[in-house]
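Asks: Below are the sequence and a predicted model; questions follow.
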Amino acid sequence: MATVKSSTDPRRAKINKVVRNQADKKVLGLLGAEGVNFITEDCGDNFRVLSQGRVINELQFHPRVRGWALATSWSRCEDYVETPCVLTKELYVTKDLGYRWELVTDYIVQFAWAAVSENVPKERIFLTHEPKGKGNQQIAGWSEAVHFSMSDDFFKTSKILVPRGNKFLLNPTYIFVAQVVDQSTQDVNLIVASSTGPEYEFDTTELPSKIYREHSYTILDASESSVFLNINHQGANSKFGNVYISDAEGVRYSLSLRFQVRNSDGQCDFERVQGLEGIYLANVYDEQAIKNLKYKLQAGMDAAETGPKRGGASFSAFDNLEAFKRTLITFDKGGIWKPLTPPEKDSTGRRTICDSEGCSLHLHSLTSKQFGPFYSTENSLGIVMGTGNVGQFLTSKIDQVNTYLSRDGGYSWFEVRKGSHIYEIGDHGGLIVMAPDQEATNSLLYSWNEGLTWDQFNFTNDTIEVTNIMIEPSNVGQKFVLYGETTLNKKRKGVVVALDFSTLHQRTCKGANSPDASDSDYEKWNPYGESLSKCLMGRQITYIRRKREAECFNGIEFDRPEHVKNCECTEADWECDADFERPEGGGPCARIDGTDIDYKPPLKCDGYYYVSQGYRKVAGDTCQGGVDHSPLKLPCPGITVLNKSSYGVIIVLILIIVLLVLIKTNSTILGSGNKQDNRGYIKYGMVDKMPAGEMENFGKLVFEDEDLEDQPAQVTEDQALKPKKKKEAEAPAKKAPRHEVEDADEDEIRDFNPRD
């Protein structure tokens, strides 16, 4: 039983948040209400008070040094004895796990340890603050008085890295900073630098078009050699934004998805399918609903007035926008987004009726606080779960929301149970546990065959309202924790239930080394989405996974074998370049402004220049050959490009010229006796003795074999001024926690919202 070393009234010890120490997994910080905070150094066997009496708003352990931590707390009037009370957000540091704290600085907006790599000094701190702050601190909106700074000595000295930098995101690859452009209009720009240090060179991100204002940002994902970014172009309280994807440097962005659902806190309905590359799920608002909304707002019409109908449904302008959400999926990292394929049958075996145009499966996500979001884990390969409905749009009507599962990364779906449930996955995907979350219950369901059949387990005599089900972070065990609330003696009480399924299985799975054999519990599987070549991100990966009907357990030590080979490039391996976009559902990339590609050379042209065909290869894609949308390499005016067939002609001409020179030289010598024509000798000598560097430059000025092999097409100067008609393109999460357990260096700083 855990012990607490404190005289603190236990009635005040309500915990709001748990923070892990990355340098020592046994150390946890527990942030509580009314100034009561705790720390444990032995996984919860013992606790002690962490800065008793002071409310810690944020806590971040150092990523490499066990005893170091940063914390923020608002000043209190009792801190001021001889001077007037001033309320500011203060930053403190401890080097002994909270026994002693020292003030670093005040007027803080955001902070983080900067040591994401060994190149960065362990003492370095990033923060945004008001260096010249006076009076009570106000954090409301973007401010030109806030700057992004760093210090290597706990702000005894410091350096402003980005003037007017208000919010930032730090991960092992990038630092993103939102820099205020105009405080009066609340416009900002996003700038980026490598986070590996020790020095930082910031570049302004390049977006497809500057016709939209930028009010706030959310970094959606940065795990696959590029960045997904949601930008709020509409201002405060906007319900949607556009999704952009970057190049490998995180600087140049192209439009991937419009009207993506977000809330005023910067949370977005966007999740990566964990364990698989290039697969993402997102919720968007229907494009026609957005157009009608903008029309009504521009025309000054009543927002509640019913507008035109679409697909048999009508909508009102602003308040009812929530009724027009749709779920989309991409298998090529945002290149093409398509609706989810509805299941053929429901969980009772009846045929699913979804024959009308626009009908598909829709799932709830982060912005829906009422239902479980789409959810996947790194070690339950291919399994995705969610709650939602089949129809034109996503609904929040409880009697129409059901629970769904995919075992192939979202390509096909099954309805596994009627009604909404909260779920958790264990045993590498071999065990699924779920419970109703819209009504009180005393039982849960579990499945050993990925939802084909379910068994019921009564875990208590009294019914409780289940809030969440949790498992250890790797999702390979068979022990779960269920928690929620119940009413006892007319009082609300919290309930925690420990669940151990390790004794319920019959045997350990066998045959991992002989998948697909009749006596093996395992099979080979290729995640392929809609690619006929069974390739994702330019490569074909063959995994070994448990057969669905094999009711056995994998075990914690199960190591999933895999085989990888590169594929030939297809349309799916190319995304739209900056200033280009695809229509929803696929098609060729076209300029956003509707104009043709400009083939004219730049004003300063040296040798060659490149023109984008509207595409760029997806960052991290390893395909080879096949479809090639690389930029065209064009000669500058006055430069002639020679092909390989011309090479032989040039050689022959050179030999003829040399032969003529020799003939002339010999003729001169023979015809003039002892007199030598020095000019003829010098000409021949220059050809023979030209410095190597000059000869290389001469060759590159004319042609290069490698250049000619790599470029997809060659265009003459005359053709360069005439746009070519493009060919038609060939048709081709970690569960959002309802609990407050978080890593100190992740989700708490990913939203660039000025109101936080």
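Replies: Nice, thanks for sending it over. Model, not experiment: these values are computed from the prediction.

Asks: check which helix or strand covers the residue nearest to Asn136 when sequence neighbours are not counted.
Replies: Take Asn136 and drop its neighbours on the chain: the residue closest to it by C-beta to C-beta, 6 or more residues apart in numbering is Leu87, 4.8 Å away. Backbone N, C-alpha and C define where each C-beta goes, glycine included. Using DSSP states H and E, Leu87 sits in no helix or strand.

Asks: Going along the chain, name the strands of the stretch 301-450 of the chain.
Replies: Secondary structure of the stretch 301-450 of the chain by DSSP state E, counting those that start in this stretch: the strands cover 306-310, 313-316, 325-330, 338-339, 360-363, 384-391, 402-406, 414-417, 421-426, 431-436, 443-447.

Asks: of all the ones you listed, which lies closest to Tyr92?
Replies: Ranking the strands of the stretch 301-450 of the chain by proximity to Tyr92 (C-beta to C-beta) places strand 421-426 first, at 36.0 Å.

Asks: Against which helices or strands is that closest one packed?
Replies: In this structure, strand 421-426 packs against strand 384-391, strand 431-436, strand 465-471, strand 479-488, with contacts taken as 3 or more C-beta pairs under 8 Å, 6 or more residues apart in numbering; DSSP states H and E.

Asks: Where does the prediction get shaky in the stretch 301-450 of the chain?
Replies: Residue ranges of the stretch 301-450 of the chain with pLDDT under 70: 301-320.

Asks: one more time with 90, if that's ok
Replies: For the stretch 301-450 of the chain, applying pLDDT under 90 flags the ranges 301-323, 332, 335-336, 355-358, 369, 381.

Asks: Same check on the stretch 601-750 of the chain?
Replies: Residue ranges of the stretch 601-750 of the chain with pLDDT under 90: 602-604, 606-607, 618-621, 637-750.

Asks: Kindly recompute the last result at 80.
Replies: Residue ranges of the stretch 601-750 of the chain with pLDDT under 80: 638-750.

Asks: still on that earlier bit, among the helices and strands packed on strand 421-426, which comes closest to Lys534?
Replies: strand 384-391 (18.5 Å).

Asks: and the closest residue to Phe240 other than its chain neighbours, what is it in contact with?
Replies: Computed as C-beta to C-beta, 6+ apart, the closest residue to Phe240 that is not its neighbour in sequence is Phe259, at 4.8 Å. Applying C-beta atoms under 8 Å, 6 or more residues apart in numbering to Phe259 gives the contacts Phe240, Asn242, Val284, Tyr285, Asp286, Glu287, Ile290.

Asks: Quick check: PyMOL command selecting the buried ones in those residues.
Replies: Typed into PyMOL, the line below selects the buried ones among these, using 16 or more other C-beta atoms under 10 Å:
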select buried, resi 240+242+284+285+286+290
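
Asks: can you redo the contacts of Phe259 as CSV with distance to Val36 and pLDDT?
Replies: Converted to CSV, the contacts of Phe259 look like this (distance: C-beta to C-beta, whole Å; pLDDT from 0 to 100):
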residue, distance to Val36, pLDDT
Phe240, 39, 90
Asn242, 43, 93
Val284, 43, 96
Tyr285, 42, 94
Asp286, 47, 92
Glu287, 49, 87
Ile290, 46, 83
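
Asks: Cross the contacts of Phe259 against strands and list the overlap.
Replies: Residues from these lying in strands, with DSSP state E as the criterion: Phe240, Asn242, Val284, Tyr285.

Asks: got those residues as JSON lines, with distance to Thr94 columns?
Replies: Below are these laid out as JSON lines (distance: C-beta to C-beta, whole Å):
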{"residue": "Phe240", "distance to Thr94": "42"}
{"residue": "Asn242", "distance to Thr94": "42"}
{"residue": "Val284", "distance to Thr94": "44"}
{"residue": "Tyr285", "distance to Thr94": "46"}
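
Asks: The strands of the stretch 301-450 of the chain: which one's closest to Arg48?
Replies: Nearest to Arg48 among the strands of the stretch 301-450 of the chain is strand 421-426; the distance by C-beta to C-beta comes to 30.9 Å.

Asks: Contacts for the closest one, please.
Replies: If you take C-beta under 8 Å, 6+ apart as the criterion, strand 421-426 is touched by 372, 375, 377, 380, 383, 385, 387, 403, 431-437, 445, 466-471, 475-480, 501, 735, 738.

Asks: most centrally placed residue in the chain?
Replies: Closest to where the C-alpha atoms of the chain average out (C-alpha atoms, centre = their mean) is Asp221, at 1.1 Å.

Asks: That residue - nearest residue in space that isn't next to it in sequence?
Replies: Here the residue nearest Asp221, using C-beta to C-beta, 6+ apart, is Phe228, at 4.4 Å.

Asks: for Cys43, same thing?
Replies: Of all residues not flanking Cys43 in the chain, Lys26 sits nearest, at 4.9 Å (C-beta to C-beta, 6+ apart).

Asks: quick check, that neighbour in a helix?
Replies: No - with DSSP: H, G, I helix; E, B strand; the rest coil as the criterion, Lys26 is coil rather than part of a helix.

Asks: ok, now how distant is it from Asp45?
Replies: Relative to Asp45, Lys26 is positioned 9 Å away (C-beta to C-beta, to the nearest Å).

Asks: just Val104 next, same as before
Replies: Computed with C-beta to C-beta, the distance linking Val104 and Asp45 is 31 Å.

Asks: The two: which is more packed in?
Replies: Applying other C-beta atoms under 10 Å to Val104 and Asp45 shows that Val104 carries more neighbours, namely 21 against 11.

Asks: can you pull the contacts of the closest residue to the more buried one other than its chain neighbours?
Replies: Nearest residue to Val104, sequence neighbours excluded (C-beta to C-beta, 6+ apart): Leu91, at 4.3 Å. Residues in contact with Leu91 (C-beta under 8 Å, 6+ apart) are Leu70, Ala71, Thr72, Leu103, Val104, Thr105, Asp106, Ile108, Phe111, Leu127, His129.

Asks: Got phi/psi on the closest residue to Phe61 other than its chain neighbours?
Replies: For Phe61, ignoring the flanking residues on the chain, the nearest one in space by C-beta to C-beta, 6+ apart is Asn21 at 4.1 Å. With angles defined as degrees, to the nearest 10, Asn21 sits at phi -100, psi 110.

Asks: Can you tell me the number of residues neighbouring Asn21?
Replies: Neighbours of Asn21 under the rule other C-beta under 10 Å: 26.

Asks: now Gly372
Replies: Counted with other C-beta under 10 Å, residues neighbouring Gly372 total 27.

Asks: With Ser149 as the reference, measure out to Gly275.
Replies: In this view, Gly275 and Ser149 are 38 Å apart by C-beta to C-beta.
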